[in-house]
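>>> Prediction below, plus the sequence it came from.
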Amino acid sequence: MATQLFRWNKQTLRRQLSVIRGEMAPTIVLKNATYLSSARKTWMEGHIWIYEDRIVYTGKYLPEKTEGTEIVDCQGKHIVPGYIEPHAHPFQLYNPHTLAEYASVRGTTTLINDNMFFFLNIEKRKALSLIEELNELPTSMFWWGRYDAQTELEEEDALFSPSNMKSWLEHPLVVQGGELTSWPKVMTGDETVLHWMQHTKELNKPIEGHLPGASYSTITQMALLGVSGDHEAMNGEEALRRLDAGMTTSLRYSSIRPDLPKLLEELLEAGITDFSRFTLNTDGSTPAFYRQGVIDKTIAIALEKGVPAIEAYEMGSYNAARHYGLDDQIGMIAPGRIAHLNILRDVNNPVPESVLAKGKWVFKDGQSHYPDRHFSWEDYGMHPFMIDWELTEDDLHFSMPVGIELVNSVILKPYQISVDVTNEHLSEKHDECFFVMLDRHGKWRINTVIKGFGTNLGGLATTFSNTGDIVLIGKNKRDMRKAFEELKQHDGGIFLVEDGELIESVPLKLFGAMSLEPMDDVIEKHASLEHALKERGYPHEDPIYSLLFFSSTHLPYIRVTQRGIFDVHKKTVLFPSIMR
């Protein structure tokens, strides 16, 4: 492989030794530091030497040579390792680059990322080259290797071919298998996924589960099959089930499951004093949620709930590094580790006043210093969402007897349609809207009614979906047509139309799923869109996740997939998609 997990060649290692021997000056010295020693589980006093991107020394001595060295007096400050997000979905309107920058200037200098979007949409060689280039950022960027698409795809076997699976799982930047959304298939005899799980374990990489509401029996069986971590606990009892099964248990604080405060309260009430097998995650939250912060916010919650400071900081750094077998490179302040360091004004406030990522200042003196980096996304097969076909009258024809009811942000149930769907618009006296899913290439469509999405929504068109297909929702067919035209004109995104006028838009220039704009701009657009949808009767937590998960068969009860309306429990197509 072109990329190796160990970053330093022989010449670089010799230069690092020369710094220790006093023959060369370090790049940066953080002197008079109070720093977290995860080896001793205590705060240490001393100096930290950095040469280029690596910590080369920690202890009581200052270097003999300091010509050209940047010396920073850290008297009265605390230094902790850069925080680690072990469960990032870096395509929730933002893209991996903009998320990495936003997270890192707030102290989260390592992201362990879902590979789903790249796996499904980019040819293997280009996708693997892209993750290698992304790792050239100051942020350390690692990845998962997915086992399934968590939906019913037309060409799933070809996508999840042995060649593709092997190349991804064996890549040095891919540090785990999962998340295992297809665990019910494995339990009922799917040998293919089990084969790749076994291969992951042979590579000495952990497997991340996806086990919401799982019983002790299910979790025990998953542990026997190799699942070594899970992030789906929703209360203290569920977290303890995972802990008792020997799993690393990641505690979630996300836009659709902000469970962390409750989880910590119940774990502390249960008498937990050792948090070394817990990590913290934000599970791919939508942009506006990150106004609060990233892993810095989760550490702040842990501190507020009474978790001891060292335990709280290690939940956000060292524990994740150790789980992935990366603690010899990240998550510790010790010789040989990548220089990901957060300088804190106050140990009770995890928002850093300065951040080093790979030995470079990415935040200092109240300013971001994250370097500009241009990604030629098109060179990796990442292109705009191009539509070369027209919406027809038939595409907005509705006759299906069964609709879909959105009972919370992500759960869909079937229901009998009782409203008249033959008119150009639906009444605003109920919460039912027209719903259409259209193949991105214009080959097929699915027409039904959705209940529980809005009461006075004109027309919404989006390319942001799990399968990359187009979804239209609305009360008014004219507004739905206009929203589709806006989507087509802007090469993908989310567009909200009312009375024939575009009122909200989030252009998504990368495959219709990710924005090229800076994270702060995406946050503002997302917040404005979410506010507009809630004003129009969207009653749940997170409309962006509703759009993403319409097709996701890892959730109950029915889904709208490329094959048609799909019964998740029975694994059957209730109503097939219609060819256009």
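Great, that's in hand. Numbering: from 1, shown residues only.

>>> Return the helix or strand in this structure with minimum mean pLDDT.
The least trusted helix or strand in the chain, going by mean pLDDT, DSSP states H and E, turns out to be helix 156-159, with a mean of 82.

>>> Kindly export that helix (C-alpha atoms) in CSV.
What follows is helix 156-159, C-alpha atoms only, in CSV (Å, rounded to 0.1, in the frame of the first residue of the first chain):
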residue,chain,number,x,y,z
GLU,A,156,-25.6,-4.7,-4.0
ASP,A,157,-23.7,-7.9,-4.8
ALA,A,158,-21.5,-6.2,-7.3
LEU,A,159,-20.7,-3.3,-5.0
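
>>> Touching that helix from outside, list them.
Residues from elsewhere that reach helix 156-159, judged by CB atoms under 8 Å, 6 or more residues apart in numbering: 119-120, 148-149, 153. (C-beta placed from N, C-alpha, C; glycine too.)

>>> Buried residues, the helix or strand just after that helix. List them.
Next along the chain after helix 156-159, taking DSSP states H and E as the criterion, comes helix 162-170. Neighbour-count burial for helix 162-170 flags 164-165, 167-169 (criterion: 16 or more other CB atoms under 10 Å).

>>> ok, now stretch 196-211?
Buried-residue list, stretch 196-211, by 16+ other CB under 10 Å: 196-197, 199-200, 205-211.

>>> how far does that stretch stretch from start to finish?
End-to-end span of stretch 196-211 (CA to CA, to the nearest Å): 18 Å.

>>> for it, the distance to its chain's centre please.
In terms of CA atoms, centre = their mean, to the nearest Å, the centre of stretch 196-211 is found 19 Å from the chain centre.

>>> got a list of what the residue nearest to residue 317 when sequence neighbours are not counted touches?
What sits nearest to residue 317 in space, not counting adjacent residues and going by CB to CB, 6 or more residues apart in numbering, is residue 81, at 4.1 Å. Applying CB under 8 Å, 6+ apart to residue 81 gives the contacts 36, 38, 313, 317-318, 321, 330-333, 337, 340-342.

>>> show me where pLDDT drops low in the protein?
1-5 (pLDDT under 70).

>>> residue closest to the middle of it?
residue 89 (1.7 Å; CA atoms, centre = their mean).

>>> Distance-wise, check it relative to residue 430.
According to CB to CB, to the nearest Å, residue 89 and residue 430 sit 33 Å apart.

>>> just residue 110 next, same as before
48 Å.

>>> between these two, who's got more neighbours?
residue 110 (30 against 13; other CB atoms under 10 Å).

>>> Go ahead and confirm that one touches residue 87.
No - contact status for residue 110 versus residue 87: not in contact, 11.9 Å apart, counting by CB atoms under 8 Å.

>>> before we move on, the earlier item: would you format the contacts of residue 81 as TSV with secondary structure and distance to residue 436 included?
Shown next, in TSV, are the contacts of residue 81 (DSSP: H, G, I helix; E, B strand; the rest coil; distance: CB to CB, whole Å):
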residue	secondary structure	distance to residue 436
36	strand	53
38	coil	53
313	helix	49
317	coil	46
318	helix	49
321	helix	46
330	coil	46
331	coil	47
332	coil	52
333	coil	54
337	coil	52
340	coil	46
341	strand	51
342	strand	47
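
>>> In contact with residue 352, which residues are there?
So residue 352 contacts 106-107, 296, 342-344, 363 (CB under 8 Å, 6+ apart).

>>> Next, the buried residues of stretch 142-158.
142-153.

>>> now the end-to-end length of it.
25 Å.

>>> which residues in the stretch 101-250 of the chain form helices?
116-121, 124-134, 156-159, 162-170, 183-187, 191-202, 216-224, 236-244 (DSSP state H, counting those that start in this stretch).

>>> Which elements pack onto the second one?
Helices and strands touching helix 124-134, as assessed by 3 or more CB pairs under 8 Å, 6 or more residues apart in numbering; DSSP states H and E, comprise helix 96-104, helix 116-121, strand 140-145, helix 162-170.

>>> In the beta-sheet assignment, what are the partners of residue 578?
Counting by DSSP bridges, residue 578 is bridged to residue 445.

>>> quick one: residue 435 and residue 445 touch, right?
No - between residue 435 and residue 445 there is no contact under CB under 8 Å: 10.8 Å.

>>> who wins for proximity to residue 16 among the helices of the stretch 101-250 of the chain?
Judged by CB to CB, the one of those that comes nearest to residue 16 is helix 124-134, at 23.2 Å.

>>> Just the CA atoms from that closest one would do, formatted as CSV, please.
Taking Å, rounded to 0.1, in the frame of the first residue of the first chain, the C-alpha atoms of helix 124-134 are listed here in CSV:
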residue,chain,number,x,y,z
LYS,A,124,-12.4,1.6,-5.4
ARG,A,125,-9.0,2.8,-6.5
LYS,A,126,-10.1,6.4,-6.5
ALA,A,127,-11.9,6.1,-3.2
LEU,A,128,-8.8,4.6,-1.4
SER,A,129,-6.6,7.3,-3.0
LEU,A,130,-9.0,9.9,-1.7
ILE,A,131,-8.8,8.7,1.9
GLU,A,132,-5.0,8.8,1.7
GLU,A,133,-5.1,12.4,0.5
LEU,A,134,-7.6,13.3,3.3
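
>>> mind listing what's buried in that helix?
124, 127-134.

>>> give the contact list for the nearest residue to residue 421 once chain neighbours are set aside.
Excluding the flanking residues, the one nearest residue 421 by CB to CB, 6+ apart is residue 398, at 4.0 Å. Residue 398 makes contact with 421-422, 434, 447-449, according to CB under 8 Å, 6+ apart.

>>> rerun at 7 Å
421, 434, 447, 449 (CB atoms under 7 Å, 6 or more residues apart in numbering).

>>> is residue 414 in a bridge, and if so with what?
With DSSP bridges as the rule, residue 414 is bridged to residue 404.

>>> I figured it hits residue 559, correct?
No - with contact defined as CB atoms under 7 Å, residue 414 does not reach residue 559; the gap is 10.7 Å.
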